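Participant: predicted model follows, preceded by the sequence.
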Amino acid sequence: MTRPLPGPLSAEVDRVARAERLLVASDFDGTMSAIVDDPAAARTLPETDAAIRALAELPQTVVAVVSGRSLAMLHQLTGLPPAVHLVGSHGMEFDESFAAGLDEADRDRLELLDRQATALAARFAGLQVERKPASIAMHYRHVAPEQRAAAVEAIATGPQLVDGAHVTTGKEVVEVAAVQTSKGYALDRLRAREHVDVVMFVGDDVTDEHAFAVLREGDLGVKVGSGPTAATQRVAGVADVAVLFETLVQLRRDYLSS
Ligand SMILES: [Mg+2]
């Protein structure tokens, strides 16, 4: 290990490691993987990858990656075995085919959002439109700096105002969904489905706040990096996340074999 966890966090990890049935859930970008300029080049830190796989093999331990990425992309980027639950599109896509639940009005709304986003991409060079099963993400990282405010304004007065649409803003991305989901919804579903009594969630972005917000007494939320958060613990960056998961593996293994 590179550096030890701060004392209060170390005590909290030791506590959750003794849960009867534990759910360990993590965001992907900026948490398991460093943020990179090309979203397709994001890779899990090797130490984090090893720890996640080790956790998933322990009894009474459920592991999930909950991301804003599409489920297909998440599969491709993580390469994790089926023992790890992957949840994509901010809780819209579970490993079972959940997006099939869109009704006709939802599908019409998705088409309208897609048309509006495509029109904006034609207006603003560099605006990338990512179509997901139930939402449209508009990435403006590559829009010229002097055009960026106008692009954000056009999104705010266009797709964001579509009746029944649900907006999530992230780092240089606005995602507009045809139906409402969140990482909090995903955690609630996993908690119920897997009958766990303690949940630990780790994430870095504003969309992860939905997950921190549904944590209960006895759970553990760890925010990665700076910024306001509902999480009770914080680490500085992805290298510390690796140490966090490595520590949890050791403590959980010790607990389960004692
Ligand atoms: Mg993230």
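Facilitator: It's in. On a predicted model such as this, the values are computed, not experimentally measured, just so you know.

Participant: the ion contacts on the stretch 1-150 of the chain?
Facilitator: 27, 29-30 (C-beta under 5 Å from the ion). All C-beta spots, glycine's among them, are computed from the backbone N, C-alpha and C.

Participant: and the strands in the stretch 51-200 of the chain?
Facilitator: Using DSSP state E, counting those that start in this stretch, the strands of the stretch 51-200 of the chain run over residues 61-66, 84-87, 128-131, 135-139, 166-170, 173-177, 198-203.

Participant: give me the sheet partners of the helix or strand of the chain with the lowest mean pLDDT and which way each runs.
Facilitator: Ranked by mean pLDDT, DSSP states H and E, the weakest helix or strand in the chain is strand 166-170, scoring a mean of 87. Strand 166-170 has the following strand partners under DSSP bridges: strand 173-177 (antiparallel).

Participant: I'd like to check the angle between the strand it pairs with and strand 135-139, please.
Facilitator: Between strand 173-177 and strand 135-139, the angle comes out at 170 degrees (axes from the mean of the first three to the mean of the last three C-alpha atoms, to 10 degrees).

Participant: neighbouring contacts of strand 173-177?
Facilitator: By C-beta atoms under 8 Å, 6 or more residues apart in numbering, the residues outside strand 173-177 that reach it are 68, 89-90, 92, 113, 117, 132, 134-141, 152, 155-156, 159-160, 162, 165-169.

Participant: what's in contact with the helix or strand hosting Ala242?
Facilitator: Element membership of Ala242, judged by DSSP states H and E, is helix 238-257. Contacts to helix 238-257, defined as C-beta under 8 Å, 6+ apart, come from residues 1-5, 9-10, 13-14, 16-18, 22, 24, 26, 30-34, 45, 47-48, 51-52, 54-55, 58-61, 200, 202, 222, 224, 235.

Participant: give the buried residues for it.
Facilitator: Buried residues in helix 238-257, counted by 16 or more other C-beta atoms under 10 Å: 238, 240-249, 251-253, 255.

Participant: what's the answer for stretch 179-199, then?
Facilitator: 179, 181-187, 190-191, 196, 198-199.

Participant: how far does that stretch sit from its chain's centre?
Facilitator: 12 Å (C-alpha atoms, centre = their mean, to the nearest Å).
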